[in-house]
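[1] from the sequence below, what's the structure:
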Amino acid sequence: MSTQNNTKQILIVDDDHLLRNFFSKVISAEGYHAVVACDGDDAISQLDSNKDFCLFIVDLLLPVRSGWEVIEYIKSNEKFRRIPIIALTGLADSFDEISKVKESCDAVLHKGNFELTDFLALINSLVKKPTSM
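    Below is the predicted model:
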């Protein structure tokens, strides 16, 4: 099934198969096209595949290449640097880690500790956020 030009694509990067599927289903039900990646290298491949994304959801702890490396890659690429990023984490982060997330990403979600309606509202508000400056 091909994605039509008007369907907004969201890249979901998470090594947890269940969470990746959950996010994909929720995002698809909301009318977006979910593109998934299971590790950092897979995410970079998806980014390099010339797809147009409107949002990135990136787990910070990934095998092969970390979520931070994926975020740095996004931020270093002119095509993607203004696209919103939601960071996912399952760990209790230090103050420095939270500060780094807030500087690099538009939002941070703690796995297993968020409301679905808030998650959808966040996605919809970030996707509608202007990406050009």
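[2] helices and strands of this protein: which one has the lowest mean pLDDT?
    Of all the helices and strands that make up the chain, the one with the lowest confidence by mean pLDDT, DSSP states H and E is helix 95-104; it has a mean of 69.
[3] quick check: next helix or strand after it?
    With elements assigned by DSSP states H and E, the helix or strand that comes after helix 95-104 is strand 107-110.
[4] in that next one, what's buried?
    Within strand 107-110, the residues that count as buried by 16 or more other Cβ atoms under 10 Å are Ala107, Val108, Leu109. Any C-beta I mention is one placed from the backbone N, CA and C, and that applies to glycine too.
[5] other SSEs contacting that strand?
    In terms of contacts (3 or more Cβ pairs under 8 Å, 6 or more residues apart in numbering; DSSP states H and E), strand 107-110 is packed against strand 85-89, helix 95-104, helix 116-128.
[6] check which helices and strands the longest strand along the chain sits against.
    What stands out as the longest strand in the chain, according to DSSP state E, is strand 53-59. Using 3+ Cβ pairs under 8 Å, 6+ apart as the contact test, the elements touching strand 53-59 are strand 9-13, helix 67-76, strand 85-89, helix 116-128.
[7] run through who's touching the third one.
    What that stands for is strand 85-89. Applying Cβ atoms under 8 Å, 6 or more residues apart in numbering, the contact partners of strand 85-89 are 14, 19, 55-61, 67, 71, 74, 101, 104-111, 122-123, 126.
[8] can you tell me which of the residues you listed are buried?
    With neighbours counted by 16+ other Cβ under 10 Å, the contacts of strand 85-89 contain buried members at 14, 19, 55-60, 67, 71, 74, 101, 104-109, 122-123, 126.
[9] if we can go back for a sec, now the helices and strands packed on strand 53-59 in a markdown table, with distance to Asp48 and mean pLDDT?
    Putting these into a markdown table (distance: least, Cβ to Cβ, whole Å; pLDDT from 0 to 100) gives the following:
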| stretch | distance to Asp48 | mean pLDDT |
| --- | --- | --- |
| strand 9-13 | 12 | 97 |
| helix 67-76 | 9 | 94 |
| strand 85-89 | 17 | 91 |
| helix 116-128 | 22 | 92 |
